[in-house]
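Asker: Just a sequence and a predicted model for now, questions to come.
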Amino acid sequence: MISYQEALQLVLDQSRSFGSEKIPLTEALNRILAEDVLADRDFPPFNRSTKDGIAIAYEAVENGRLSFEIAGTLPAGEPTIPFVEANSCVEIMTGAVVPYETDTVVMYEEVEIKGGIATITKIPTKGQNIHSKGRDQQRGDMVVQKNCVITAAEIGVLATVGKSEVLVEKLPKVAVISTGNELVEVEELPLLHQIRTSNSHSLIGMLRELRIKPLRLHIPDDIDLLRQKLDYVIDSMDILILSGGVSKGKFDFLPQVFKELGVDSIFHRVAQRPGKPFWFGTKEESSCLVFSFPGNPVSTFFNFHLYFLPWFYRSAGIKNTPVRVKLAEAHENFGNLTIFKGVELRLEEGCLWASSADNSGSGDLVYLTRISGFIILEPHEKPYKKDSLVPFIATKRILGV
């Protein structure tokens, strides 16, 4: 049995690229960018008005002029008016191109208009209310760096620079496989000795958040069926994620089947709670990686966040940024296992505080809906005091903090 840190490093050592592909911008949300994106022109591409009002040459104000003849109106999306005389102004709308001969915009609230004459009621500052050409970005500047998750913010920038197609990291081909005779489908009415399958749906949900569309299989606890179906799928997939069948029970056949199919064990069993029976290996002939998690729902859920997600992001070139939170109460871990505890978070005085969430064991699915994530408590000879900073792994988007 190895430590959590050793297991994590062995998983990360198996990170790999699956290549890249071009996809439409409309399908790029939550994909991982595989190219640096440069500005194709200055931003803004012209001197842009930031207010509705009048555009003037400030020199006229310096010469004592406050009233101007209105020479025209300039809305956003129209070419600029080619010439404005010193005693004239142009009514201009937000987002419009500021005429070349003008350098200041006075908003309507500081202007009186009567009989085609605009009179300034408050002395302006030269250059006010103008967003200068190239102020945000200049042509050739990097606007989005590769190896980032494309969010709505990146989508807007990519659209602005004309990226109708985006180069992204290819996603691995993943199969999610549940095992066990006790499992029935969601739409079925389970008998007293049965339960509805949940792990595979949880795993698929988490994978879909990464934009991965996995294959889903269920295999009963029958060694011949396990061997037959795994042999069929393992050479066509990049990743297998399994739940169940890796503990020490009489029907936990997976380690034996993996060995028979030529899947090399990298480790089996990690000094952690929950999720200790985790089995991890690779089949070199097909380069398929196998994440085989224990069947308890909390164990599967935690191990996905502990191992698969870091592996996925490392493979995509995304750096992990550790998060630490403050303990709202004291904890202890005098044993030899790394303990993961689900917590609820609250924001107080600029700090994230973690409070323990009650659960009844590693089969308590409802508990997972109450937590924001979990803290990591390494074995320690002294208690973790209240206010201590500890590592935290989020399992859901944290709203309101």
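Answerer: Looks like it arrived, so ask away.
Asker: Distance check, residue 180 against residue 296.
Answerer: Distance, residue 180 to residue 296, using CB to CB, to the nearest Å: 11 Å. For every residue, glycine as well, the C-beta is placed using N, CA and C.
Asker: neighbour-wise, which of these two wins?
Answerer: Between residue 180 and residue 296, counting by other CB atoms under 10 Å, residue 296 is the more crowded of the two (22 against 19).
Asker: Surely that one is in contact with residue 277?
Answerer: No: using CB atoms under 8 Å, residue 296 is not in contact with residue 277, being 9.2 Å away.
Asker: you'd agree residue 368 is in a helix?
Answerer: Yes: assessed with DSSP: H, G, I helix; E, B strand; the rest coil, residue 368 lies in a helix.
Asker: give the contact list for the residue nearest to it when sequence neighbours are not counted.
Answerer: Distances taken as CB to CB, 6 or more residues apart in numbering place residue 301 nearest to residue 368, at 5.6 Å, with adjacent residues excluded. Listed by CB atoms under 8 Å, 6 or more residues apart in numbering, the contact set of residue 301 reads 202, 368, 395.
Asker: Surely the first one and residue 299 touch.
Answerer: What that stands for is residue 202. No: with contact defined as CB under 8 Å, residue 202 does not count as touching residue 299 (11.4 Å).
Asker: Regarding the residue nearest to residue 368, what is its secondary structure?
Answerer: Under the three-state scheme (three-state DSSP), residue 301 adopts helix.
Asker: Tell me how far it lies from residue 206.
Answerer: For residue 301, the distance to residue 206 - CB to CB - is 8 Å.
Asker: Could you report the separation of the residue nearest to residue 368 from residue 395?
Answerer: Applying CB to CB, the value for residue 301 to residue 395 is 7 Å.
Asker: any common contacting residues for those two?
Answerer: residue 368.
Asker: Show me where this protein has its helices.
Answerer: 4-12, 58-62, 152-160, 199-209, 223-234, 254-260, 297-303, 309-315, 365-370 (DSSP state H).
Asker: And for the closest residue to residue 86 other than its chain neighbours, the neighbour number?
Answerer: Leaving out its chain neighbours, the residue that sits closest to residue 86 by CB to CB, 6+ apart is residue 60, at 5.1 Å. For residue 60, the count of nearby residues is 20 (other CB under 10 Å).
Asker: ditto for the one 10 residues further on
Answerer: Residue 70 is surrounded by 15 other residues when neighbours are defined as other CB under 10 Å.
Asker: can you check residue 165 too?
Answerer: Look at residue 165: counted by other CB under 10 Å, it has 13 neighbours.
Asker: surely it meets residue 27?
Answerer: No: in this structure, residue 165 is not within contact of residue 27 by CB under 8 Å, at 9.8 Å.
Asker: quick one: the strands in the stretch 1-150 of the chain?
Answerer: Assigned by DSSP state E, counting those that start in this stretch, the stretch 1-150 of the chain shows strands spanning 2-3, 20-24, 37-38, 48-49, 53-56, 67-74, 88-92, 104-107, 111-114, 117-120, 130-131, 142-144.
Asker: The fourth one packs against which elements?
Answerer: Same thing as strand 48-49. Judged by 3 or more CB pairs under 8 Å, 6 or more residues apart in numbering; DSSP states H and E, strand 48-49 is in contact with strand 130-131.
Asker: got a pLDDT number for residue 310?
Answerer: Residue 310 carries a pLDDT score of 97 in this model.
Asker: Hmm, I typed the wrong one, I wanted residue 363.
Answerer: Residue 363 carries a pLDDT value of 65.
Asker: give me the beta-bridge partners of residue 119?
Answerer: On the basis of DSSP bridges, residue 119 is bridged to residue 67, residue 112.
Asker: Look up how far residue 69 lies from it.
Answerer: Distance, residue 119 to residue 69, by CB to CB: 11 Å.
Asker: repeat for residue 231
Answerer: Distance from residue 231 to residue 69, by CB to CB: 86 Å.
Asker: One more: residue 54?
Answerer: Counting by CB to CB, the separation of residue 54 from residue 69 is 11 Å.
Asker: Of those two, give the one with the bigger neighbour count.
Answerer: Applying other CB under 10 Å to residue 54 and residue 69 shows that residue 54 carries more neighbours, namely 29 against 13.
Asker: List the beta-bridge partners for that one.
Answerer: Beta bridges link residue 54 to residue 91, residue 106, judged by DSSP bridges.
Asker: In contact with it, which residues are there?
Answerer: 68, 70, 89, 90, 91, 92, 105, 106, 108, 111, 118.
Asker: now do residue 339
Answerer: Residues near residue 339 by CB under 8 Å, 6+ apart: 272, 273, 333, 376, 377.
Asker: residues near residue 237, how many?
Answerer: Using other CB under 10 Å, residue 237 is surrounded by 20 other residues.
Asker: and it, how far is that from residue 173?
Answerer: 5 Å.
Asker: any common contacting residues for these two?
Answerer: Counting by CB under 8 Å, 6+ apart, the residues touching both residue 237 and residue 173 are residue 215.
Asker: show me where pLDDT drops low in the stretch 251-400 of the chain?
Answerer: For the stretch 251-400 of the chain, residues meeting the criterion pLDDT under 70 lie at 251, 360-363, 398-400.
Asker: can you do 50?
Answerer: Judged by pLDDT under 50, the stretch 251-400 of the chain has no weakly predicted residues.
Asker: And the strands in it, which stretches?
Answerer: 264-268, 270-273, 279-283, 288-293, 323-327, 338-348, 351-356, 373-377, 389-394.
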